[in-house]
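Asker: missing the sequence, but the structure's below:
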């Protein structure tokens, strides 16, 4: 009475693991969807959800890029066999979107001549490291 068998413990561990994976997938999908909305429709995202004045298209697009990266990390670690490789790939994906945001908004400020290649190189290195980690 009150003792847990190995089978019961194993079942409980599987249920907990499935629950954690479910939360990881749901969280990843939510971050990805909101990130894509902010990235692709910054004015709509601002008008409907993030009504913090003043409106800054590049800031909203950057928020979208980083949310895409967070969503990608969660989804990749939920499904790939190596979470380290998944994390590297997910952050690299966020970095790609961040680089694209700087290309799209290059006329709004910053230092496009250095920002864009710097962010693109970082993203490429992260993607390379993620692929290399998964192949190892």
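Answerer: Done, it's in. No experiment lies behind these values; they were computed from the predicted model shown.
Asker: The helix or strand bottoming out on mean pLDDT in the chain: how far from the chain's middle?
Answerer: Least confident element among the helices and strands of the chain, by mean pLDDT, DSSP states H and E: helix 6-40 (a mean of 92). Helix 6-40 sits 14 Å away from the centroid of its parent chain (C-alpha atoms, centre = their mean, to the nearest Å).
Asker: Same check on stretch 127-136?
Answerer: Using C-alpha atoms, centre = their mean, the offset of stretch 127-136 from its chain centre is 17 Å.
Asker: Could you give me the buried positions within the least confident helix or strand of the chain?
Answerer: Residues of helix 6-40 classed as buried under the neighbour-count rule (16 or more other C-beta atoms under 10 Å) are 24, 27, 28, 31, 32, 34, 35, 36, 37, 38, 39. The way it works is simple: take the backbone N, C-alpha and C, and place the C-beta from them, glycine included.
Asker: Next secondary structure element downstream of that helix?
Answerer: helix 42-48 (DSSP states H and E).
Asker: need the next SSE after that following helix, C-terminal direction.
Answerer: Following helix 42-48 in sequence, per DSSP H and E, is helix 57-79.
Asker: Flag the shaky bits of the chain, pLDDT-wise.
Answerer: Within the chain, the stretches with pLDDT under 70 are 1-3.
Asker: and the angle from the least confident helix or strand of the chain to helix 57-79?
Answerer: 160 degrees (axes from the mean of the first three to the mean of the last three C-alpha atoms, to 10 degrees).
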